[in-house]
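Participant: Sequence and computational prediction follow.
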Amino acid sequence: MYTISCLLQIPTVTPQEEEEMVENITHIRKRAMDEVTTNIDTAHRKQQKDFKMRQTKKYVALKEGNRVLLLRAKTATRKGNLQANYTGPYTIDHIQGMTACLLADGQRLKQKVSLDRLKQYVEAEAVTSPLVEGPTTQVPVKQPDEREEFMSQTAAAGQLDQLSNIILQSGLLQQLPSQTLIDEVILALANLKSNDTIQICT
């Protein structure tokens, strides 16, 4: 039978080193606690500020006689629907606590509504162009010949679409066209007039 003995060498620490280690650990813990306390105070102040802002946004701006929009109850829980999130505008008839009675076209709605679901209605202002003072310039009216040229170009573009469809359907482009064929088509299209017709011989 064999016996194995293990000798563990315990490091020797002088009292001075032990004192320094304790001081270091105490210093690290104190710094960590200071930092945690600072972070907690900062977060607490931020939460208070955000809470106050939310409360003032919700309730201070709304009063009787204001026009408001009402958040749909189902919209808050459903996603992906195409309905508007808000309905209205309605007029606030009476505010009691955190609820309001609304009027739609002079008729009171059946149930009260929480102020959380209301937001201020902002009417769209009519866009008016400012009056121009001083000299003005007249825009020349297009002459009839310019209009006719435009119409002929439009008709030629329509016939170009017809030509490309005919070429694709007839199978003329089963092989790559030669450069002369391309040049001839471009020349023919350039000379097109509005009343010309295109004929393709296959």
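Facilitator: In hand now; what should we look at?
Participant: Helix or strand next in line after the longest helix seen in the chain, which one?
Facilitator: The single longest helix within the chain, with elements called by DSSP state H, is helix 15-55. With elements assigned by DSSP states H and E, the helix or strand that comes after helix 15-55 is strand 67-71.
Participant: quick one: contacts of that following strand?
Facilitator: 62, 85-92, 100, 102, 113, 117-121, 123 (CB atoms under 8 Å, 6 or more residues apart in numbering). All C-beta spots, glycine's among them, are computed from the backbone N, C-alpha and C.
Participant: Could you identify the buried members of the residues you listed?
Facilitator: 62, 86, 88-92, 100, 102, 113, 117-119 (16 or more other CB atoms under 10 Å).
Participant: what would those look like in a markdown table with distance to Glu23, secondary structure and pLDDT?
Facilitator: Formatted as a markdown table, the buried ones among the contacts of strand 67-71 follow (distance: CB to CB, whole Å; DSSP: H, G, I helix; E, B strand; the rest coil; pLDDT from 0 to 100):
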| residue | distance to Glu23 | secondary structure | pLDDT |
| --- | --- | --- | --- |
| Leu62 | 60 | coil | 75 |
| Tyr86 | 64 | strand | 80 |
| Gly88 | 68 | strand | 77 |
| Pro89 | 69 | strand | 84 |
| Tyr90 | 69 | strand | 84 |
| Thr91 | 71 | strand | 84 |
| Ile92 | 66 | strand | 82 |
| Ala100 | 64 | strand | 78 |
| Leu102 | 69 | strand | 79 |
| Val113 | 64 | strand | 82 |
| Arg117 | 60 | helix | 81 |
| Leu118 | 61 | strand | 81 |
| Lys119 | 59 | strand | 81 |
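Participant: Just name the closest of those to Gln48, please.
Facilitator: Leu62 (22.7 Å; CB to CB).
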